[in-house]
Each structure stands twice: as structure tokens, then as C-alpha cells.
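S.K.: just need the structure, nothing else, for what follows:
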Amino acid sequence: MRIVFQYFTGGGGALSNIMLLLQTLSKLYPQDSIIVVCSNKSDLHHLNVFSNIEVISYDAGDLHQEIDRLMLGYVGLKKIASQYKADIVWSLNIGSYVKLDVPHVLSVNNPYQVYPLEDVVQYHPKSRFNLLVLRSFFKKSLCLSDAVIVQTPIMGRYIGQIKDAPTTYVVPKAVERDEDVRVDPLPEEMKSILENRKGFFTFLYVSTSSPHKNHKTLIDAFELLANQVVGARVVLTISHDELIKIGGGKAQKLVDDGYVIPIGWVKKQHLRSLYDAVDACLMPSVLESLSSAHLEAMEWGKAQIVADLPYARDLCGGAAVYVAPEFPSKWAETIMEFIPDDTLRQNLVMRGREQMQLFPKTWDEMARQIHKVFEGLIAKT
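M.R.: As a prediction, the model looks like this:
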């Protein structure tokens, strides 16, 4: 099978996960050829080390990135599929804007594209107009696709409400097990940053700094905790500069006093060690498709407090404590009740392990499910 995969630009955990998925497909199906199409600055170029993966940059010239994306959708992807004699084209979030000569599968992980507009517009980092344009091109690409893959039933339900949407497959993502990703100890510099000199109960929030990740609520909640001298701190995987941009002087004081620890983005091989270094997890995000942070907490035995939203309840079931997402006082109150309750945390960990039985055990399992979708579409052509 010759697969053209297209993810023009992106970063953070989503990119790390798609790289791991492509590596897994490469190893499981060595007879396949995978042609990866991306921008010239994408980390996907690191996949060139695999013998059956070829990474090519799409650059329409000395133009703006969005013009490049437009050209790729209208002209480039179809041309590349023909040039490489693709059996199938697979895109992430936005694909071709014209009908292709081979089956096109669209994986949709971006909730901004499918959740009701009024639920997401306030959190989008750009303007309402930008979001409307994004959603318009997404719908065009979606309705020209032959199948769509989502990670959760709730995303599937929203896709199903779009006129002329193709058949939808729900394929949840896996959490990397030890056999999927090398587990390395934390770097000494990070260990030093995490040193718990005051003996505080340590929470972890793994996320980017996007507005919908709702760091502001945590900053306000931990200010309340600090004012009451509660022995709790939170480790954030955003940079110090990103934190200060969100919380200003309030956030800086929390850093100075040891209540908030911004450590920056963490490589996959260090994630397990980071979870091992903390006591529990927080997840206040107001908008997700399927967040790895929830799965990681459940897989690696950490109780978690999460935003009380449908996506989180679908994902975590009874394996989390739920709090209204944008009420800092409720978060502070819940954290204070949560810390001394060992029995609650132990029960949440147990339920989390049970909940994880609903998800693919390995990336191999997820890759096989996706490959089966490809095989079915190709067989129909």
C-alpha cells in the first residue's frame, strides 16, 4: 500500500502522537510506502530515518504559510498523489479541497472545527473571522473525503451533524507503553526544578499554552490556595514566558513562592518519569478531542481533578473528580478536600486502570485499526 499522509503544520502533543503512529505503521507494515507531506519546518522530517517513509516539503514559493496550505489543498495534494501513485491519501484535520482520484481519509482531532461555534469561538487564539474561514475549508475538505476518523464518540456525533459528511470511524488513541517509547529519567536540570523543598503536595498539568487549556483558572485557584497557605503546588509544561503572558504579576508571585512550577515542554521519553515525580493531576481544559493527559494519568496511576464537561465525562467516567471549569474558588476548594483523602485517590486510580481497558492497549492496536479502514476503502475502488 502506498499512503500519502498530509499534516501541513502543527506541534505539541498532537504532533508527537502522529509521529509515533506513523512510526508504528512503518514497523507493522514494512511493505507499505508512506509519503509524508508537511511544511519545511515540521518535525515530521525526522521520520526520514525510516526506510519506508519519505518526507517531502510542500512549499508553493515565497508565500505566506496559509497560501501554501491553500495551494496544497486545491492543487498540490492531488498532484503528489498522482506523482507517487498513491493508493490512499490520509490527511489530519484539513485535507484536499478537490475530489481526489484515490480514496481520501480525513482524521479530525481539532475540536475547533466541529464543536458548536458558540462553544469554541471565545477560546480560539485568532479572530472569529479566522475561525469561520477554518471551519468553512474544513467542511469543504470533509465532504470531499471518503471516510473520517475521530478519536471519541462525541467528535463523531458532531461530525454526523454536518451535511454530506462521510462515514465516520471512531479510533481512540493509545497511551505509550514502555515498549512504544523509551523511558528515560528526568534531566538533572528538571529534577532540580522539581525539588520539593517545602514538602508540598504536587499536581501536574500537561498541556500547551493554548487559551482553551484554561491555565488562568489554575493560576487564580492557586492564588487562593497560596493566600490560605495550603501546601499544594502545580507543575505546568509551559514555559515561564508563556505563564507570565497568561497570568502576569500574579503568576510570577506564585512562581517565586513555589506554588506554580513552569518547566516547559517535556519530551515523550521523559513523560513517564515526570508523572512518577508527582502526586496527582489537574486537567481544567475547556475544549478537547481526546487529551493524552487524561489517558496518561489513568494509565500511570495518578488520580485527577478535571473540568466537568461532556468530553471529560465520556473519557474518564468514574475515574476523576469533576469541577466546573472556570470557577477558581471551586478548584481551590476541591483541591483542599482532595489532598488529605487518600481513599478517594486510591479509588480513582483503580477506576482509571479499569477505564483504560476501553482504549487501545498499544499503538500497534490503534495502527491496525486505521490500516483496516484504509484496506476497506481501497478494496471498494
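
S.K.: count the neighbours of residue 341 for me.
M.R.: For residue 341, the neighbour count with other C-beta atoms under 10 Å is 13. The way it works is simple: take the backbone N, C-alpha and C, and place the C-beta from them, glycine included.

S.K.: meant to ask about residue 375
M.R.: 12.

S.K.: and the residue nearest to it when sequence neighbours are not counted, what's its pLDDT?
M.R.: Nearest non-adjacent residue to residue 375, counting by C-beta to C-beta, 6 or more residues apart in numbering: residue 1, 7.7 Å away. pLDDT, residue 1: 98.

S.K.: and residue 1, how far from residue 24?
M.R.: Residue 1 is 15 Å from residue 24, where distance means C-beta to C-beta, to the nearest Å.

S.K.: quick one, which of these two is more surrounded?
M.R.: Just comparing residue 1 and residue 24: by other C-beta under 10 Å the higher neighbour count belongs to residue 24, 21 against 15.

S.K.: identify the residues contacting the strand or helix carrying that one?
M.R.: Residue 24 belongs to helix 12-28 when elements are defined using DSSP states H and E. Helix 12-28 has contacts (C-beta atoms under 8 Å, 6 or more residues apart in numbering) with 3, 5, 7, 10, 32, 34, 36, 42-44, 46-47, 50, 52-53, 92, 109, 173, 176, 180-181, 206-208, 265, 268, 292, 363-364, 366-368, 370-371.

S.K.: run the last query once more with 6 Å
M.R.: Under the criterion C-beta atoms under 6 Å, 6 or more residues apart in numbering, residues 43, 47, 50, 52, 53, 208, 268, 292, 363, 364, 367 lie in contact with helix 12-28.

S.K.: stretch 97-105 now?
M.R.: 73-74, 78, 81, 86, 88-90, 95-96, 140-141, 144-147, 377.

S.K.: quick one: find the helix or strand in this protein with the lowest mean pLDDT.
M.R.: helix 65-71 (a mean of 82; mean pLDDT, DSSP states H and E).

S.K.: how far off centre is that one?
M.R.: The chain centre lies 23 Å from the centre of helix 65-71; the measure is C-alpha atoms, centre = their mean, to the nearest Å.

S.K.: ok, stretch 221-239 next?
M.R.: That offset, for stretch 221-239, works out to 24 Å (C-alpha atoms, centre = their mean).

S.K.: I'd like the average pLDDT over whichever helix or strand comes after the least confident helix or strand of the chain.
M.R.: The helix or strand immediately downstream of helix 65-71 is helix 77-83, counting by DSSP H and E. Helix 77-83 comes out with an average pLDDT of 96.

S.K.: so the protein: which segments form each domain?
M.R.: If you go by automatic domain parsing, the domain ranges for the chain are 2-174+361-380, 188-358.

S.K.: by mean pLDDT, show me the worst of these.
M.R.: Taking the mean pLDDT of those, domain 2-174+361-380 comes last: a mean of 92.

S.K.: what is the end-to-end distance of that domain?
M.R.: When the termini of domain 2-174+361-380 are compared using C-alpha to C-alpha, to the nearest Å, they are 16 Å apart.

S.K.: can you pull the phi/psi pair for residue 322?
M.R.: phi -110, psi 140 (degrees, to the nearest 10).

S.K.: was I right about it contacting residue 308?
M.R.: Yes: assessed by C-beta atoms under 6 Å, residue 322 is found in contact with residue 308 at 3.8 Å.

S.K.: ok so, going back, buried among the contacts of stretch 97-105? Make that a PyMOL selection.
M.R.: The buried residues among those can be selected in PyMOL (16 or more other C-beta atoms under 10 Å) with this line:
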select buried, resi 73+78+81+86+88+89+90+95+96+141+144+145+146+147+377
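
S.K.: next SSE downstream of the strand or helix carrying residue 105?
M.R.: Residue 105 is part of strand 104-107 when elements are defined by DSSP H and E. Under the assignment DSSP H and E, the closest C-terminal helix or strand after strand 104-107 is helix 117-120.

S.K.: now that next one: buried residues?
M.R.: Buried residues in helix 117-120 (16+ other C-beta under 10 Å): residue 120.

S.K.: check contacts around residue 200.
M.R.: 231, 232, 233.

S.K.: 10 Å instead?
M.R.: 225, 230, 231, 232, 233, 234, 258, 259, 261, 279, 339 (C-beta atoms under 10 Å, 6 or more residues apart in numbering).
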